[in-house]
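**Student:** Need coordinates for the following:
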Amino acid sequence: MNKPGEIRVIVLALIRDGDRIFVSEGYDPAKQSTFYRALGGGVEFGEHSYDALQREFQEEIQAELTNIRYLTCIENLFIFNGKQGHEIIQLYQCDFADSKFYQIDSITFSETPERKHRALWVEISKFASGELRLVPEVFFQYL
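**Tutor:** Take a look at the predicted model:
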């Protein structure tokens, strides 16, 4: 999460399999609502976003990516847990190198020892209907 007044540069992966996408599940305690976002993470100083994407997938779910293609840059202003956030998102489209990732229902991973997350496949129609919330909403333009 951002420090107050900080703009965070992150990289996210749009991984699609037919009518579903691979996302991470999050929860906002202030809004008491669950949301979903593409998997990825922070870009470190001196690191190219392409390299950060591959590193994050290795660290979080031990996955290699292939067919990596740059899509766009998204500026995301949001409120999370009652605090203003500001991200610059480098968005890539890619595939899993190992087909086993297309067979799984979900994976639990840890960003930090106290913060566990779940990544899973979700049908795009559940986001389109409003049943589930995908963030940032501008992400729909690339599905």
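
**Student:** And the strands in this structure?
**Tutor:** Residue ranges of the strands in the chain, as given by DSSP state E, are 8-17, 20-28, 33-42, 65-80, 83-96, 106-112, 115-123.

**Student:** Could you measure from residue 134 over to residue 37?
**Tutor:** For residue 134, the distance to residue 37 equals 7 Å [CB to CB, to the nearest Å]. C-betas here are computed from N, CA, C, even on glycine.

**Student:** which residues are in contact with the helix or strand of the chain with the lowest mean pLDDT?
**Tutor:** Taking mean pLDDT, DSSP states H and E as the measure, the helices and strands of the chain show their lowest mean at strand 106-112, namely a mean of 82. With contact meaning CB atoms under 8 Å, 6 or more residues apart in numbering, strand 106-112 is reached by 41, 60-61, 116-121.

**Student:** elements contacting the helix ranked longest in the chain?
**Tutor:** In the chain, ranked by residue count with DSSP state H as the criterion, the top helix is helix 49-61. With contacts defined as 3 or more CB pairs under 8 Å, 6 or more residues apart in numbering; DSSP states H and E, helix 49-61 has these neighbours: strand 8-17, strand 33-42, strand 65-80, strand 83-96, strand 106-112, strand 115-123.
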